[in-house]
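K.L.:
requesting a structural model of the entry that follows:
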Amino acid sequence: MSPDSSRPEPGQLPGTLYTTESLPVHHRRAHWREALSRTFGAVDMTVPDEVYSGTIRTTPLGRLQAVTVDGDCLSALRTRRLVAQSNADEYVVVKLLDRGAARLEQDGREALLGPGDIFIYDMARPVRLNLSQSFRTKSLRVPRDVLGLSESDVVHVTASPLGPDTPLGGLLSPFLAGLVDNAGNYPSRTSELMARNVVDLLGVLTDERLGRTSADTPGGNRALLLRIQAFIVRHLADPDLTPQAIARAHHISLRYLHQLFESEDATVGRWIQRRRLEECRRELARANSPTIAAVAHRWGFTSAAHFSRVFRAAYGMSPREWRDTQDSTPYTPSATKRVDA
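P.N.:
Below is the predicted model:
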């Protein structure tokens, strides 16, 4: 199945798009099985005799891969023989079930999954995943060396879902969904930092399962930082979003807040400004966007002149020049790449 080229959103990194949409009905089943195996590794894939629709979109996030899959029901089995034949064993998959129902089996455990559940499976060992109805999943493929966990540690978190009603699941679920949905729209440095936050939260999860977590561990600090960053993103449009307000909302000192951001290569204020500029840049690239002043105001800038100055400092051109460039630059499709797990 050849990946299709599609025009990305402004600023989006090249990725891969597989879709059955343009294929004759009698060719869809074979192509869909092939696309799934190319994306997730060698598996014994069972799909319906008639595949009505299926789409896979992948986008790189540094060494990680963001993957969204929409499709009909399927069953995937990765046996010991297939593990031995594939090089995908270096990956751990972190998956959010966005729509549908699923059953996962690995490491002697079986998990029944519903919308909002996050689950993890390791490509180095046999695994069975059954999606019994139309579904959507959002995943991160994480290289094992980036994850930084031993195989014995990973065994404790596979097929052990995190529900959206749990503290860690409630934090990770919307963050993972947003990261996968917007992969390619963030600057590369931002993407890598956000992906690292997901990886760090998996470390927190493992520590909790093994009884190794305390509020003072680096992993605990990382979880708090991620919670604060998610709070900032939700309140970007508020012009009164200040470090003092953020610290009060999280019942921590202003000094501790600044300490948490020392690993982010930016102060709290600069991190807020970067996120606001990214949202403004995305909106200005859209057709029929509001006025520049309206966009700036919408994302928390109180002065259009100040917005123009910081935008130019960040991107090397004025907001108007950026919008005009997006309107006038002809699109040349980037070469898509095949993802072999």
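K.L.:
quickly run through the sheet partners of the strand or helix carrying Arg141, with directions.
P.N.:
Using DSSP states H and E, Arg141 sits in strand 135-143. Partners of strand 135-143 in the sheet, by DSSP bridges, are strand 64-71 (antiparallel), strand 91-99 (antiparallel).
K.L.:
of all these, which one comes closest to Ala287?
P.N.:
strand 64-71 (23.6 Å; Cβ to Cβ). Glycine gets a C-beta too; all of them are placed from N, C-alpha and C.
K.L.:
what lies in contact with the closest one?
P.N.:
32, 36, 39-40, 51, 53-60, 131, 134-143, 146, 179-181, 183-184, 195, 199, 339 (Cβ atoms under 8 Å, 6 or more residues apart in numbering).
K.L.:
so for that strand, what's the average pLDDT?
P.N.:
Averaging pLDDT along strand 64-71 gives 91.
K.L.:
dump that strand to PDB, restricted to CA.
P.N.:
The C-alpha trace of strand 64-71 is given here as PDB (Å, rounded to 0.1, in the frame of the first residue of the first chain):
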ATOM      1  CA  LEU A  64       9.200   9.000  18.600                       C
ATOM      2  CA  GLN A  65       6.400   8.500  16.200                       C
ATOM      3  CA  ALA A  66       2.800   9.900  16.600                       C
ATOM      4  CA  VAL A  67       0.200   7.600  15.000                       C
ATOM      5  CA  THR A  68      -3.600   8.100  14.600                       C
ATOM      6  CA  VAL A  69      -5.600   5.100  13.200                       C
ATOM      7  CA  ASP A  70      -9.300   5.200  12.200                       C
ATOM      8  CA  GLY A  71     -10.800   1.900  11.100                       C
END
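K.L.:
low-confidence ranges in the stretch 101-250 of the chain?
P.N.:
Of all residues in the stretch 101-250 of the chain, those with pLDDT under 70 make up the ranges 148, 188-189, 191-193, 211-220, 222-223.
K.L.:
switch to 80 and redo it
P.N.:
Across the stretch 101-250 of the chain, the ranges flagged by pLDDT under 80 are 145-152, 167-168, 170-171, 184-224, 226-227, 230, 234.
K.L.:
just the helices from it, written as ranges.
P.N.:
With helices called from DSSP state H, counting those that start in this stretch, the stretch 101-250 of the chain shows them at 144-147, 151-155, 167-181, 188-209, 218-234, 243-249.
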